[in-house]
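**Student:** need a 3D model of the following:
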Amino acid sequence: MTFITPALQEAFETNRRAIALANFPETAIRNFEAMSVGERRFAYQQAELQALRHDKLAATDEALGRDPGYNRQCAANRRATADALKVVGL
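**Tutor:** Predicted coordinates:
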């Protein structure tokens, strides 16, 4: 049985935030913080949709015998952007 304490939850959130922001330059984070809440939500939704789009394109490339690496990398970058936006605050 697992016991979830407030300290454990706080440590988890701090760790999640650090991981999400680790690969982003400080300028990009400041730009995210300067956005209004509506702009951040829109950017988050766009990043999520673009990640799904690139996942589907990668699957199509794989089925056609092309290299899907580019689309997989694009999807990973979009997911990282969405995670950073979520951490900054929606």
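**Student:** what comes into contact with the host helix or strand of Leu21?
**Tutor:** Following DSSP states H and E, one finds Leu21 within helix 6-22. Helix 6-22 is contacted from outside by 29, 80, 83-84, 86-87, using CB atoms under 8 Å, 6 or more residues apart in numbering. Yep, even glycine has a C-beta here, placed from its N, CA and C like the rest.
**Student:** which elements pack onto whichever strand or helix holds Arg41?
**Tutor:** Here Arg41 sits within helix 37-64, counting by DSSP H and E. Contacts defined by 3 or more CB pairs under 8 Å, 6 or more residues apart in numbering; DSSP states H and E place helix 37-64 against helix 69-88.
**Student:** what angle sits between the helix it packs on and helix 6-22?
**Tutor:** Angle, helix 69-88 to helix 6-22, by axes from the mean of the first three to the mean of the last three CA atoms, to 10 degrees: 130 degrees.
**Student:** scan the contacts of helix 6-22 and report the most crowded one.
**Tutor:** Ala84 (22 neighbours; other CB atoms under 10 Å).
**Student:** quick one, what contacts that residue?
**Tutor:** 20-21, 24, 28-29, 32.
**Student:** quick check: buried residues in stretch 46-59?
**Tutor:** 47-48, 50-51, 54-55, 57-58 (16 or more other CB atoms under 10 Å).
**Student:** next: stretch 72-80.
**Tutor:** Quick answer for stretch 72-80 (16+ other CB under 10 Å): 72, 74-75, 78-80.
**Student:** likewise stretch 23-31?
**Tutor:** 24, 29.
**Student:** what mean pLDDT does it get?
**Tutor:** The pLDDT scores in stretch 23-31 average 78.
**Student:** and the contacts of that stretch?
**Tutor:** Outside stretch 23-31, the residues that reach it (CB under 8 Å, 6+ apart) are 21, 80, 84, 88.
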